[in-house]
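[1] Sequence and predicted structure, then a few things I'm wondering about:
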Amino acid sequence: MASRFQAASLVASPSYPNAVVWSDENLIAVATGHLVTVLNPASPSGPRGLVTIPANKPFPIGVIERKDLFSGCLLSTSLSRDIRPCVRSISWSPIGLAPNAGVVDITDILYDYLENTSFGESVTTSFSDALQPHSDKLEGNSPHHTVYRRTSKTRSVKKFREDCTSITSPLKKIGEDCTPLPLVTVNQYASRKAMLSSLIVAWSPVLRLPPATDSAPPDNSSNCLSLLAVGGKSGQISFWRVHEPLSYTIGHSTVPISVTLAGFHQVHNAWVTAISWASLTFDASSPQVLLATGCTDGSVKIWLEYSEKLLISSEVNDAPFSLLKEVITADSVPVSTLTLTVPVRAPQKMFLAVGKGCGSFEVWICDLSIRKFDRIGSYNAHDHVVTGLAWAFDGCCLYSCSQDNSVRSWSLCGNSLHEVPIPPNSLGVKSHSVKNPADDLPYGLGSCYGVALSPGNLVVAVENDGLMKGETVAFGACGFDAGLLNPMYQARTQKAAIEFFWIGGQQLESSTNTNLEIDTENFPGLPKELMYWESNMLWYLSQYEHLDKPLVVWDIVAALLAFKESAPKYVELTLVKWLSVSNVESHLVRSAGKVLSHASKTFSNTSTRKLHLFNIICRRVVLSELKADKINSKQPNIEEIGDAEEEKLKLWRDLLLCSERELRERLVGFAFSTVLGLMSYLAAKVSKAQGWDPVGLAQMENWVELEYDHVQDQLKLLASEVGDLDKRKLSSICEYIEEEQCIYCSSSVPFESPEIAFCQGAAQSHRLARCAVTMKVCPSTPSWFCPSCQRYSSKLAPPQFFLIPRYPLDFESLTESRNTSNNLSKPFCPFCGILLQRLQPVFLLSASPA
């Protein structure tokens, strides 16, 4: 049986399918009863977010005669004994809602719209007059997930902040005014209640407004957006348009959020129980999205988006999608879950898996270029309801889980799907963190309520609830058998668990990269499964070179660190092979030393994203024993490692420093070119373009002088042109401060290093951190912080910097796009490419809860 490498206990048990979701930012959200738990898989026993869903009053949709209470359409409402709300659906947002805010209750907007349109019972109110774009000013951290809240009388979709608190605008509830409620018929009451009863939520991939459109995004928003689909008991889906923020800040400021109801669509005649999105990119001229929906009547439909109607129209559209195919017609078995994917290796195809309440699931493949749908087959995989389905390895593998507490792995080869064993944990790949208290969890579990994949597809997480069967367990959220728990301790705090299992050694019939092989003779005693680990890891390292994929490599780093303890030579050769495969010029070089020596010569022809990926792997895996601040200051204690490893680590360290110098040179060149462009605008008396403004120009000039023998001639020329500018005119367009002062004693601070600085105070010389972007001394106010390279940033890098494919022959061509609306200054580290964290100095942290 596949064994877990770590687990995390939960304080409540799950109740509905798809109870666990894994975000692209490497956070896991678990729906358990009235709680939503947010945890970091890198530290499952560490700090976590906990969202509590409070009870809510019903909306004033009308009153009925007492004699009609037990009518057939109201029987479920009359017999309901729900005393606490229960989370039924959760979904991570790919964008968040605002830089420092993000709580909005869309139920208020939905109710206002339905009330103004008489719940669709009359057409006296037009769609455009019924609802205007809604904007709330909110505070908090940027949210990335949406959860579903169920109350005793009504249900609503609510977005939560990551700090697990919420701010809601007042809703129109019974008892808040003296207006008498209208008398409605039984059917009217049931219909209105169904419209306000939401069951499932799902966020779309990030979409972009067409460049030719006249529709401008809301204030403080970019032209990138995501759609939130909310399905309910009425068979309708409401679509909500949320734009990405235009910028991100460190301070806690109030930023308006624009949430617009974009459309309604009647997709089924009964409850909508499953929704899944997928992007279509095989036709670059007109990218679209697919929407798959499932229903309690057993029907499954595939819809194609009308981009202009849904993304641009200011009116609430009643038909934003066109029906592509009803792949499964209505029958007696309800749909419990479904998953849709468009593989990168075959962008014209669509893979669909549909889970049923009877324990079976169906798989469909569609060739979208010719609109051909093929049913691969129906599989009686489980004894109870299928509660989770997840595609892995670019559609080559499918994982299914069920309420019977089994998780199975399936391999798709051509048009054939067959079960394959989940790889055992036979390689000693265990958690490299400290011992987790959850390792002592009881293993008596009852039901599995969801399965989710890590960003790199090397780890699977399962939510569980009962005794596991056979050799089918992979990962999930589970609830415990109360009879097997210690009533004094475990039964009070351990109601369920999230379990994590390695699947990186999964053997695939159609390998994602058949050219990758490993010489197993170099690893006597180790199983052949190493070949599959290497193939899967190298495949996903290559996938991270695509700019639309967030750079989150926790699972790959964790696996390499685990292998480093048991087979360090294997890790070294795997990384050398990755470097050699990535570099066309050096792929024939066999020696590890020659590959590393040659790699530094190719950095100028390497994309910024690939350099970021290399820096992360180098710091977190190869040089994990060295402290980050010592590496940054070029003073690592390599002699403490040992003579045998000293030369090897020096080679990797020098390669890392060379890569980071290449990145800094590109950033400085971009800043110089931007300043020269702004000066040309000033000379021509043209208004200043909106975009990224450089800061710390004097410090950048000092850095070029320090690295003059290593930087390229193009940067030397740009530095010379900037040095010849009139400093008074230069100060009018950007900040130019030659003499810096200490933030503690106001003494002068000379520029000696781009990483740290020491003031020239008479009594004490303070050690100061420099900004990774501007190289200026960081202020005492909160700064951005990179958990990988442990650098600070008081200003964000320009978005164009992360798109550079190689060292630019002309920086001016990059800066010309500085005022385009597509530029989004996300908080990325300029040296690692990962999302930065907000960091407050210790002396600014409050000791009290307030």
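    Perfect, thanks for sending it. Numbers count the residues shown, from 1 in each chain.
[2] I figured residue 85 was touching residue 56, is that so?
    Yes - contact status for residue 85 versus residue 56: in contact at 7.2 Å, counting by CB atoms under 8 Å. The way it works is simple: take the backbone N, C-alpha and C, and place the C-beta from them, glycine included.
[3] what's the offset of stretch 763-783 from the middle of its chain?
    Relative to the chain's own centre, stretch 763-783 is displaced by 31 Å; criterion: CA atoms, centre = their mean, to the nearest Å.
[4] give me every residue that touches residue 323.
    With contacts defined as CB atoms under 8 Å, 6 or more residues apart in numbering, the neighbours of residue 323 are 301, 302, 303, 304.
[5] Same check on residue 601?
    Counting by CB under 8 Å, 6+ apart, residue 601 touches no other residue.
[6] Can you classify it by secondary structure?
    Using DSSP: H, G, I helix; E, B strand; the rest coil, the secondary structure recorded for residue 601 is helix.
[7] So it versus residue 581, what's the distance?
    Using CB to CB, to the nearest Å, one obtains 17 Å as the distance from residue 601 to residue 581.
[8] now swap in residue 452 and tell me
    In this view, residue 452 and residue 581 are 29 Å apart by CB to CB.
[9] Please apply the same query to residue 89.
    Computed as CB to CB, the residue 89 to residue 581 distance reads 41 Å.
[10] Which residue of those two possesses the greater neighbour count?
    A direct count of neighbours by other CB atoms under 10 Å for residue 89 and residue 581 places residue 89 higher, at 27 against 16.
[11] That one and residue 18 touch, don't they?
    Yes - checked against CB under 8 Å, the pair residue 89 and residue 18 is within contact range at 6.8 Å.
[12] Check the chain for its longest helix and report it.
    Counting residues, the longest helix in the chain under DSSP state H turns out to be helix 643-683.
[13] Secondary structure class of residue 448, three-state.
    Quick answer, by three-state DSSP: residue 448 is strand.
[14] Let me know how buried it is, in neighbour terms.
    For residue 448, using other CB under 10 Å, the count is 39.
[15] distance of it from residue 596?
    Taking CB to CB as the measure, residue 448 and residue 596 are separated by 45 Å.
[16] got it, and residue 112?
    From residue 112 over to residue 596 the distance is 63 Å, taken as CB to CB.
[17] Those two: which is more packed in?
    More neighbours surround residue 596 than the other of residue 112 and residue 596, with 21 against 17 (other CB under 10 Å).
[18] which one is the more buried one nearest to, not counting chain neighbours?
    For residue 596, ignoring the flanking residues on the chain, the nearest one in space by CB to CB, 6 or more residues apart in numbering is residue 651 at 5.3 Å.
[19] Tell me the predicted confidence for that neighbour.
    On pLDDT, residue 651 comes in at 87.
[20] again with the one 3 residues further on
    Residue-level confidence at residue 654 comes out at 89, pLDDT.
[21] Once you drop chain neighbours, what's closest to it?
    Distances taken as CB to CB, 6+ apart put residue 600 closest to residue 654, at 7.6 Å, once the chain neighbours are dropped.
[22] Can you get me a residue count around the one you found?
    17.
[23] pLDDT at it, what is it?
    You'll see residue 600 listed with a pLDDT of 82.
[24] pretty sure it contacts residue 655?
    Yes - taking CB under 8 Å as the definition, residue 600 is a contact partner of residue 655 at 5.7 Å.
[25] Residue 626 contacts residue 649, doesn't it?
    Yes - counting by CB under 8 Å, residue 626 touches residue 649, with 7.3 Å between them.
[26] Below-threshold pLDDT in the stretch 401-550 of the chain: ranges please.
    Scanning the stretch 401-550 of the chain with the threshold set as pLDDT under 70 gives 425-446, 464-495, 509-527.
[27] tell me the strands in it, going along the chain?
    Using DSSP state E, counting those that start in this stretch, the strands assigned to the stretch 401-550 of the chain run over residues 407-413, 416-420, 444-453, 459-467, 476-480, 496-502.
[28] highest average neighbour count across these?
    Per residue and on average, the most neighbours among these fall to strand 476-480, with a mean of 32 (mean count of other CB atoms under 10 Å).
[29] What is the helix or strand harbouring residue 354 packed up against?
    In this structure, residue 354 is located in strand 349-356 according to DSSP states H and E. The elements that strand 349-356 packs onto, with contact taken as 3 or more CB pairs under 8 Å, 6 or more residues apart in numbering; DSSP states H and E, are strand 272-280, strand 288-295, strand 300-305, strand 321-328, strand 335-341, strand 361-367, strand 386-392, strand 397-402.
[30] Of all the ones you listed, which one comes closest to residue 675?
    Comparing the helices and strands packed on strand 349-356 against residue 675 with CB to CB, the closest turns out to be strand 272-280 (37.7 Å).
[31] wait, isn't residue 620 in contact with residue 788?
    Yes - using CB under 8 Å as the test, residue 620 is close enough to residue 788 to be in contact (6.5 Å).
[32] Now do the strands in the stretch 101-250 of the chain.
    Chain-ordered strands for the stretch 101-250 of the chain, with DSSP E, counting those that start in this stretch as the definition, fall at 134-138, 145-150, 155-159, 198-203, 207-208, 221-232, 236-245.
[33] by how many degrees do the longest one and strand 321-328 diverge?
    Spelled out, it's strand 221-232. If you take axes from the mean of the first three to the mean of the last three CA atoms, to 10 degrees, strand 221-232 sits at 40 degrees to strand 321-328.
[34] okay, strand 221-232 in CSV with CA atoms only?
    Coordinates of the C-alpha atoms in strand 221-232 are reproduced here as CSV (Å, rounded to 0.1, in the frame of the first residue of the first chain):
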residue,chain,number,x,y,z
SER,A,221,-8.1,47.2,-12.3
SER,A,222,-6.2,45.7,-15.2
ASN,A,223,-7.6,44.2,-18.4
CYS,A,224,-7.1,40.7,-17.0
LEU,A,225,-10.0,39.1,-15.2
SER,A,226,-11.5,35.9,-13.9
LEU,A,227,-15.1,34.6,-14.0
LEU,A,228,-16.8,33.1,-10.9
ALA,A,229,-19.4,30.6,-11.8
VAL,A,230,-22.1,29.9,-9.1
GLY,A,231,-24.5,27.0,-9.7
GLY,A,232,-27.6,26.4,-7.7
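[35] who does it pair up with?
    Its sheet considered, strand 221-232 pairs with strand 198-203 (antiparallel), strand 207-208 (antiparallel), strand 236-245 (antiparallel) by DSSP bridges.
[36] I'd like the mean pLDDT over it, please.
    86.
[37] Could you tell me how far it lies from the centre of the chain?
    Between the centre of strand 221-232 and the centre of its host chain there is 15 Å, according to CA atoms, centre = their mean.
[38] returning to that earlier point: so which of the strands of the stretch 401-550 of the chain comes closest to residue 9?
    Among the strands of the stretch 401-550 of the chain, strand 496-502 comes nearest to residue 9, with 5.3 Å by CB to CB.
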